[in-house]
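In: Here is a sequence with its predicted model. Questions after.
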Amino acid sequence: MNSINQILQEAIRLPEDQRLTLVNRLLTLSEPHISDDISHTWDLEIRDRIARYDQGEIRSRPAGKVFSDLDRRLKL
């Protein structure tokens, strides 16, 4: 446990962007491996959604609204 506290103290002294990078890398270690095919498919989907948004075909919604809609659906 002492090692964790030491690492935490060092991480606190990092600039914010480096702390966020560290957090992202640590979280990534716990995620299951995603195949290159799945990663590529998601990349294409993201690019398609951005292009449709840029062309005005779709609109954005506030995250709070999205999550409240999801909560309502999950309670049914």
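Out: Received the coordinates, thanks.

In: Tell me, what's the model's pLDDT at the residue nearest to residue 58 when sequence neighbours are not counted?
Out: Sequence neighbours aside, residue 52 is the residue nearest to residue 58 in space, at 4.9 Å (criterion: CB to CB, 6 or more residues apart in numbering). For the C-beta atoms, the positions are set from N, CA and C on the backbone; glycine is no exception. Looking at residue 52, its pLDDT reads 97.

In: Could you check how many residues crowd around residue 52?
Out: Burial measure for residue 52: 12 neighbouring residues, criterion other CB atoms under 10 Å.

In: Residue 21 too?
Out: Considering only other CB under 10 Å, residue 21 is surrounded by 12 other residues.

In: For residue 28, list the residues it contacts.
Out: Contact criterion CB atoms under 8 Å, 6 or more residues apart in numbering gives no residues in contact with residue 28.

In: now the one 3 residues further on
Out: With contacts taken as CB under 8 Å, 6+ apart, residue 31 has no neighbouring residues.

In: Work out for me the element the most centrally placed residue in the chain sits within.
Out: If you average the C-alpha coordinates of the chain and look for the closest C-alpha using CA atoms, centre = their mean, you land on residue 24, 8.5 Å from that point. Applying DSSP states H and E as the criterion places residue 24 in helix 16-30.

In: swap in residue 9?
Out: Assigned by DSSP H and E, residue 9 falls within helix 2-12.

In: on that earlier part again, buried set for the helix holding residue 24?
Out: Going by neighbour count (16 or more other CB atoms under 10 Å), nothing in helix 16-30 comes out as buried.

In: after that helix, next one along is what?
Out: Using DSSP H and E, the helix or strand that follows helix 16-30 in sequence is helix 36-54.

In: hmm, who's touching that next one?
Out: By CB under 8 Å, 6+ apart, the residues outside helix 36-54 that reach it are 58, 59, 60.

In: I'd like the domain boundaries of this protein, if you could list them.
Out: For the chain, the structural domains run 1-31, 36-75, going by automatic domain parsing.

In: what distance separates the longest one from the centre of its chain?
Out: Yep, that's domain 36-75 we're talking about. Relative to the mean C-alpha coordinate of its chain, domain 36-75 is positioned 12 Å out (CA atoms, centre = their mean, to the nearest Å).
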